[in-house]
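# based on what follows, work out the 3D shape:
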Amino acid sequence: MPLARTTPPMGWNSWDCFGTTVTEAEVLANAEFMAKHLLPYGWDTVVVDIDWSDPTARSHGYNDDAPLAMDEHGRLIPDPGRFPSSAGGAGFGPLAERIHALGLRFGIHTMRGIPRRAVAADAPILGTDARASEVADAANACEWNPDMVGLDHDHPAAQAYYDSTLDLYASWGVDFIKADDMLWPYQAADIEAYARAIARTGRPIELSLSPGRDLSLTRLEHLREHATMWRICDDLWDDWHDVEANFARFARWAPHASASGWPDGDMLPLGRIGIRAERGEPRHDRLTPAERVSLMTLWLVARSPLMIGGDLPTSDPATIALFTNADALALLRAEASREVFRENGLVLWTADGTDGERYVAAFNLHDEARDIALDAQNVGLPAQLDGELRELWTGAEIATDHAAVRGVAHGSTAIRLSLAPHGAALLRYVAR
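This is a model prediction of the structure:
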């Protein structure tokens with residue numbers, strides 16, 4: 001069984017800003033920023049994303065037949081050109097040690113299967129008499145990345161290969177693994193074998209599964225049994241249409257977010273991104289300020305894992321402020337998060353705080369601003385509010401009206417909000 005945790009993972013991932021090309025220096029710069037500015041708010045995990053073994057990695061794509069750095073047993077190791085501390089067989093051990101010294105956790109990206117180059121070299125599988133060609137399943141290769149082929153899990157040495165790779169990662173001090181090409185199509189045998197290999201290391205490694213295109217709730221119990229978190233969408237970028245598409249997904253999945261596992265809306269493409277990434281040129285993200293607030297509000301009320309995609313040291317202070325709002329982040333500890341209304345571009349969510357407070361998130365999906373009056377009872381609040389109602393992003397107290405208001409039940413309080421185009425308000429009610 002995966003590790004149980006009462007709140008979803010929070011951290012930084014190199015993909016949105018550096019794609020396949022991140023360097024050791026860039027990882028450390030983000031780790032140092034996180035330790036100094038974000039760790040007190042719960043951000044504690046630094047993840048090196050895909051292709052850390054490729055010395056020829058480039059922006060905007062993958063390389064066919066890349067000369068991946070690999071040991072004699074077909075296990076990928078860091079490219080020492082980009083990760084100098086890995087030279088001499090040290091792997092990610094020295095980098096993990098430096099990140100741990102900052103009080104943070106260290107994570108890496110991995111791919112399902114075995115490297116094509118390991119199969120071509122017919123590398124021996126550690127701890128067995130088998131070789132890579134015997135355990136490879138070329139018919140089940142990744143559809144979007146050329147580096148790997150599948151494993152034949154009818155062969156016992158397939159499990160041994162995963163056991164050996166996870167044992168290596170554990171020896172480096174890895175705390176978190178983002179395992180890719182696991183969910184589309186759904187690779188049940190690989191998920192089970194990978195989780196089994198993690199358990200056999202004896203190290204408490206959290207497992208994140210990607211990507212989440214077309215993921216069905218019928219997989220929930222299997223996911224909970226084997227992973228800490230799992231993607232419910234494809235890659236998310238700084239485009240409102242990507243964000244808006246996750247409203248329906250979170251409405252399905254958020255009620256199932258718990259210590260048993262966390263549905264993941266993907267990384268937060270906020271701040272300075274695209275520096276050497278897969279998509280787009282260097283930029284501050286293209287979302288409006290209101291859209292950034294909506295994205296953060298949705299991810300928080302849905303209790304999604306939070307992985308920042310922007311380069312932290314060069315992101316603007318307004319973006320960093322979204323990550324250090326302790327009142328908003330407290331939503332990750334809430335319960336009963338759920339969508340309660342969706343009509344004509346207005347979406348409402350509610351959640352119960354751990355100390356009796358109540359949360360309401362209101363979203364405007366329209367392209368125009370709108371003023372609304374919410375019936376307090378429609379968002380799970382008392383008909384007559386007797387306490388503090390505050391918007392958590394601005395800190396402002398919210399106006400209410402006990403007089404008759406159209407659309408509000410007789411005797412109920414009207415909550416008045418002004419929502420920007422694609423904007424949101426995050427309310428907390430504390431009774432006296």
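# use CA for all of it now, contacts and neighbours both
Fine.
# tell me the secondary structure of residue 177, please.
Three-state assignment for residue 177 (DSSP: H, G, I helix; E, B strand; the rest coil): strand.
# could you check the pLDDT of it?
With respect to pLDDT, residue 177 scores 98.
# that one reaches residue 206, doesn't it?
Yes - here residue 177 lies in contact with residue 206, judged by C-alpha atoms under 8 Å, at a distance of 6.2 Å.
# if I pick residue 231, what's in contact with it?
Contacts for residue 231 (C-alpha atoms under 8 Å, 6 or more residues apart in numbering) come out as 208-213, 263-266.
# got the domain boundaries for the protein?
10-333, 338-431 (automatic domain parsing).
# end-to-end on the longest one?
So that's domain 10-333. Distance across domain 10-333, first residue to last, is 13 Å (C-alpha to C-alpha, to the nearest Å).
# TSV please, covering the domains of the chain and showing distance to residue 4.
Listed next are these as TSV, based on distance: least, C-alpha to C-alpha, whole Å:
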stretch	distance to residue 4
domain 10-333	5
domain 338-431	18
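# deepest of those, which one?
domain 10-333 (a mean of 20; mean count of other C-alpha atoms under 10 Å).
# show me what the lengthiest helix in the chain is packed up against.
Counting by DSSP state H, the longest helix found in the chain is helix 156-172. Under the contact definition 3 or more C-alpha pairs under 8 Å, 6 or more residues apart in numbering; DSSP states H and E, helix 156-172 sits against helix 93-101, helix 188-201.
# could you give the mean pLDDT of it?
98.
# equivalent analysis for stretch 131-141, please.
pLDDT averaged over stretch 131-141 gives 98.
# what does stretch 381-389 give?
94.
# off-centre distance for it?
With C-alpha atoms, centre = their mean, to the nearest Å as the basis, the distance from the averaged C-alpha position of stretch 381-389 to the chain average is 34 Å.
# only C-alpha atoms, please: export it in CSV.
In CSV, the C-alpha atoms belonging to stretch 381-389 read as follows (Å, rounded to 0.1, in the frame of the first residue of the first chain):
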residue,chain,number,x,y,z
LEU,A,381,-24.2,28.3,5.0
PRO,A,382,-26.8,29.3,7.6
ALA,A,383,-29.8,31.2,6.4
GLN,A,384,-28.9,34.0,8.8
LEU,A,385,-25.1,34.6,8.8
ASP,A,386,-23.8,35.5,12.3
GLY,A,387,-20.1,35.5,11.9
GLU,A,388,-17.2,36.6,9.6
LEU,A,389,-17.4,36.0,5.9
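# so what touches that stretch?
Residues outside stretch 381-389 that contact it (C-alpha under 8 Å, 6+ apart): 358, 375-377, 397-398, 402, 411-413, 427-432.
# make it 7 Å
376-377, 397-398, 411-413, 427-432 (C-alpha atoms under 7 Å, 6 or more residues apart in numbering).
# kindly report the same for stretch 197-210.
Here stretch 197-210 makes contact (C-alpha under 7 Å, 6+ apart) with 2-3, 162-163, 166-167, 170, 174-183, 227-231.
# and the end-to-end length of that stretch?
By C-alpha to C-alpha, one end of stretch 197-210 lies 18 Å from the other end.
# report the distance from that stretch to the chain centre.
So, by C-alpha atoms, centre = their mean, the centroid of stretch 197-210 is 16 Å from its chain's centroid.
# what average pLDDT does that stretch get?
Rounded mean pLDDT across stretch 197-210 is 98.
# hang on, residue 262 in a helix?
No - using three-state DSSP, the secondary structure at residue 262 is strand, not a helix.
# roughly how far does the spatially closest residue to it that is not a sequence neighbour sit from residue 100?
Counting by C-alpha to C-alpha, 6 or more residues apart in numbering, residue 229 is the residue found nearest to residue 262 once chain neighbours are left out, at 4.5 Å. Distance, residue 229 to residue 100, using C-alpha to C-alpha: 22 Å.
# same question, residue 61
31 Å.
# likewise residue 390?
Counting by C-alpha to C-alpha - residue 390 and residue 100 are separated by 37 Å.
# just residue 39 next, same as before
Residue 39 is 12 Å from residue 100, by C-alpha to C-alpha.
# kindly report the same for residue 393.
If you go by C-alpha to C-alpha, the gap between residue 393 and residue 100 works out to 32 Å.
# just the helices in the stretch 101-250 of the chain please.
116-121, 132-135, 156-172, 188-201, 220-226, 240-253 (DSSP state H, counting those that start in this stretch).
# helix or strand with the lowest mean pLDDT in the chain?
Using mean pLDDT, DSSP states H and E, the weakest-scoring helix or strand in the chain turns out to be strand 400-401, at a mean of 88.
# partners of it, with directions?
strand 414-419 (antiparallel) (DSSP bridges).
# which residues touch the strand it pairs with?
364, 369-376, 399-402, 405, 408.
# where's the dip in pLDDT among the residues you listed?
Among the contacts of strand 414-419, residue 402 has the weakest pLDDT, 79.
# what distance do you get for the closest residue to residue 164 other than its chain neighbours to residue 247?
Distances taken as C-alpha to C-alpha, 6+ apart place residue 126 nearest to residue 164, at 6.4 Å, with adjacent residues excluded. Remark: distance between residue 126 and residue 247 (C-alpha to C-alpha) = 45 Å.
# hang on, residue 374 is in a strand, isn't it?
Yes - per three-state DSSP, residue 374 lies within a strand segment.
# who's in contact with it?
Counting by C-alpha under 7 Å, 6+ apart, residue 374 has contacts 408, 414-416.
# rerun at 8 Å
408, 414-417.
# so what sits opposite it in the bridge?
Those that pair with residue 374 in a beta bridge, by DSSP bridges, are residue 415.
# so what touches the longest helix of the chain?
75, 90-94, 96, 125-128, 130, 135-136, 151-153, 193-194, 196-198, 200-201, 203, 205.
# sketch out the low-pLDDT regions of the stretch 1-150 of the chain for me.
Counting by pLDDT under 70, the stretch 1-150 of the chain shows low-confidence ranges at 1, 3.
# which stretches of it form strands?
10-13, 45-48, 105-111, 114-115, 136-137, 148-151 (DSSP state E, counting those that start in this stretch).
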